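# Provided below for reference: sequence and predicted model.
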Amino acid sequence: MIEKENEMSADYVVKPIPAVRLAAVTDTMDPAEMGQRIGPMFDQVAAILTTARASLATAIATYAETEAGTDVVVR
């Protein structure tokens with residue numbers, strides 16, 4: 001049994017950051033299809049950001065396995 005736990009301080013700094021525009025495209029697919037479908041998803045996001053006059057400086061994709069397939073989110 002733990003009689004005494006050490007409390008940790010929650011030191012953090014709040015800093016202002018510039019506004020960003022975020023666009024995402026989500027799809028669920030079979031892992032075998034990913035090579036063919038991810039590129040066009042990035043193209044869709046780039047088109048959305050271009051229309052909004054925003055930048056696609058850093059493209060990100062996340063993947064999560066589900067019963068229905070692989071959930072892919074391209075940002």
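That came through fine.
# I figured residue 52 hits residue 23, correct?
Yes - with contacts defined as CB atoms under 8 Å, residue 52 counts as touching residue 23 at a distance of 7.3 Å. Heads up, the C-betas are built off the backbone N, CA and C, glycines and all.
# In terms of neighbours, single out the busier of those two.
A side-by-side neighbour count of residue 52 and residue 23, using other CB atoms under 10 Å, places residue 23 first with 17 against 11.
# How much space separates residue 26 from residue 13?
Computed with CB to CB, to the nearest Å, the distance linking residue 26 and residue 13 is 33 Å.
# More neighbours: these two, which one.
Ranked by neighbour count (other CB under 10 Å), residue 26 and residue 13 place residue 26 first, with 11 against 4.
# In this structure the more buried one contacts residue 75, no?
No - between residue 26 and residue 75 no contact is recorded; they are 9.6 Å apart, counting by CB under 8 Å.
# what's the overlap in contacts for these two?
Contact criterion CB atoms under 8 Å, 6 or more residues apart in numbering; residues shared by residue 26 and residue 75: none found.
# could you list every residue that touches residue 40?
Under the criterion of CB under 8 Å, 6+ apart, the contact list for residue 40 is empty.
# what about the helix or strand containing it, distance to the chain center?
Following DSSP states H and E, one finds residue 40 within helix 34-51. The gap between the average C-alpha position of helix 34-51 and the chain average comes to 13 Å, counting by CA atoms, centre = their mean, to the nearest Å.
# Pull out the buried residues from it.
Judged by neighbour count (16 or more other CB atoms under 10 Å), helix 34-51 contains these buried residues: 34, 38, 41, 42, 45, 46, 48, 49.
# Closest one to residue 70 out of those, please.
When the buried residues of helix 34-51 are compared for distance to residue 70 (CB to CB), residue 34 wins out at 6.7 Å.
# That closest one contacts residue 70, doesn't it?
Yes - using CB under 8 Å, residue 34 is in contact with residue 70, at 6.7 Å.
# where in the protein is pLDDT low?
Using pLDDT under 70 as the threshold, the predicted model of the chain has low-confidence ranges 1-10, 20-21.
# Can you list the residue ranges for strands in it?
Using DSSP state E, the strands of the chain run over residues 25-29, 61-66, 69-74.
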